[in-house]
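Colleague: curious how this folds, go ahead:
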Amino acid sequence: MKKLEVGVGNMRVRKGSIAVDVYMPKWAVEVPERFRLCNVEKDELPFGDGEFDEVVLKHVFEHFGAVDRRRVIEKCLRVLRPGGFLRIAVPNTERYIERYCDGLWRMEELSAMIFGAQTEEWQSANAHKVCYSQDSLKRFFPKILLRNWR
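Modeller: You can find the predicted model right below:
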């Protein structure tokens, strides 16, 4: 199964996966064949149509603004084979707000989770731009993408 992981940051990708990101992670020096430098908001993904069985956006979709997120999904769908899997994981903003309202988190913790920690300069430039809940994701995606919604 050929897998593309979009926006991996410094996280290592699974064996057999190829990753793209706007920044080159440290691990990519060791295995450059598994990484492509690409700003998916602005550039086309450097792969052929239908090349991947699975495309994963793990905690990166919230970094795309409301205008760019539709284009990003279109680019991911282009490289995804028919019947392939598009997997998206985002922070669950509703859960974070509940923790704050229940007194489990201070405002600083809520803010860091919603907008990203921003403890380093590169993080500030790449802060979260959109908040999601399960319901808001369902409203965003066309019904055809929701066949196997979990």
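Colleague: what number of residues lie near the closest residue to Gly48 other than its chain neighbours?
Modeller: Nearest residue to Gly48, sequence neighbours excluded (C-beta to C-beta, 6 or more residues apart in numbering): Val79, at 7.1 Å. To be clear about C-beta, it is placed using only N, CA and C from the backbone, and glycine gets the same treatment. Val79: 21 surrounding residues under other C-beta atoms under 10 Å.
Colleague: can you pull the contacts of the residue nearest to the spatial centre of the chain?
Modeller: The centroid of the chain falls nearest to Val60 when counting by C-alpha atoms, centre = their mean (2.6 Å). Val60 sits next to Val6, Gly7, Val8, Gly9 when contact means C-beta atoms under 8 Å, 6 or more residues apart in numbering.
Colleague: can you say which of those residues are buried?
Modeller: Neighbour-count burial (16 or more other C-beta atoms under 10 Å) applied to the contacts of Val60 gives Val6, Gly7, Val8, Gly9.
Colleague: with secondary structure and distance to Pro25 added, can I get these in a markdown table?
Modeller: Output for those, formatted as a markdown table (DSSP: H, G, I helix; E, B strand; the rest coil; distance: C-beta to C-beta, whole Å):
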| residue | secondary structure | distance to Pro25 |
| --- | --- | --- |
| Val6 | strand | 13 |
| Gly7 | coil | 11 |
| Val8 | coil | 6 |
| Gly9 | coil | 7 |
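Colleague: taking those, tell me the two that lie furthest apart.
Modeller: Across these, the longest distance by C-beta to C-beta is 10.8 Å; it joins Val6 and Gly9.
Colleague: could you pull out the strands in the protein for me?
Modeller: Taking DSSP state E to define them, one finds strands in the chain at 3-6, 17-21, 35-37, 52-58, 80-89.
Colleague: right, I'll leave it there.
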